[in-house]
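Asker: okay, here's the prediction I keep looking at, along with the sequence it came from:
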Amino acid sequence: MKQVKIDQDECIGCEACVELCPDIFAFDDKQTKAYVTTPEGGDQACIEEAVASCPVSCISNEEE
Ligand code: SF4
């Protein structure tokens, strides 16, 4: 099963992933970083788009 993860050390808080897939990602205003609300995923097309859109490539969606 695929797991969605964000490497928060790398996240620059651009919010692109949150805007693309609000069902999967949310924004932590205190840390100014995104986090995953639904690690088991959902709309794979949306997640793939978010992975591709992240400017620092810190989102992964890998088989565990
Ligand atoms: Fe962070 Fe990448 Fe999401 Fe931007 S797209 S908020 S850098 S995880």
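Answerer: All right, it came through fine. Residues are numbered from 1 along each chain as shown.
Asker: only C-alpha atoms for contact and neighbour calcs from this point on.
Answerer: Fine.
Asker: part of a helix, is residue 46?
Answerer: Yes - assessed with DSSP: H, G, I helix; E, B strand; the rest coil, residue 46 lies in a helix.
Asker: could I get the contacting residues of the closest residue to it other than its chain neighbours?
Answerer: Spatial nearest neighbour of residue 46, chain neighbours left out: residue 21 (6.2 Å); criterion: C-alpha to C-alpha, 6 or more residues apart in numbering. Contacts for residue 21 (C-alpha atoms under 8 Å, 6 or more residues apart in numbering) come out as 46, 47, 50.
Asker: quick one: which of those is nearest to the ligand?
Answerer: residue 50 (6.4 Å; C-alpha to the nearest ligand atom).
Asker: which bits of the protein sit near the ligand?
Answerer: 6, 11-17, 33-34, 54-56, 58-59 (C-alpha under 6 Å from any ligand atom).
Asker: out of these, which sit inside strands?
Answerer: Judged by DSSP state E, the subset of the residues of the chain next to the ligand located in strands is 6, 33, 34, 59.
Asker: bridging residues for the second one?
Answerer: Residues found in beta-bridge contact with residue 33 (criterion: DSSP bridges) are residue 28.
Asker: tell me how many other residues surround it.
Answerer: 19 (other C-alpha atoms under 10 Å).
Asker: now the helices for this protein?
Answerer: Taking DSSP state H as the test, the helices found in the chain are 16-20, 44-53.
Asker: residue 46: how many residues sit nearby?
Answerer: By other C-alpha under 10 Å, neighbour count at residue 46 equals 17.
Asker: repeat for residue 6
Answerer: Residue 6: 19 surrounding residues under other C-alpha under 10 Å.
Asker: who's in contact with it?
Answerer: Going by C-alpha under 8 Å, 6+ apart, residue 6 touches 34, 35, 36, 58, 59, 60.
Asker: make it 10 Å
Answerer: Residues in contact with residue 6, defined by C-alpha atoms under 10 Å, 6 or more residues apart in numbering, are 25, 33, 34, 35, 36, 39, 51, 57, 58, 59, 60, 61.
Asker: I'm done for today, thanks for sticking with me.
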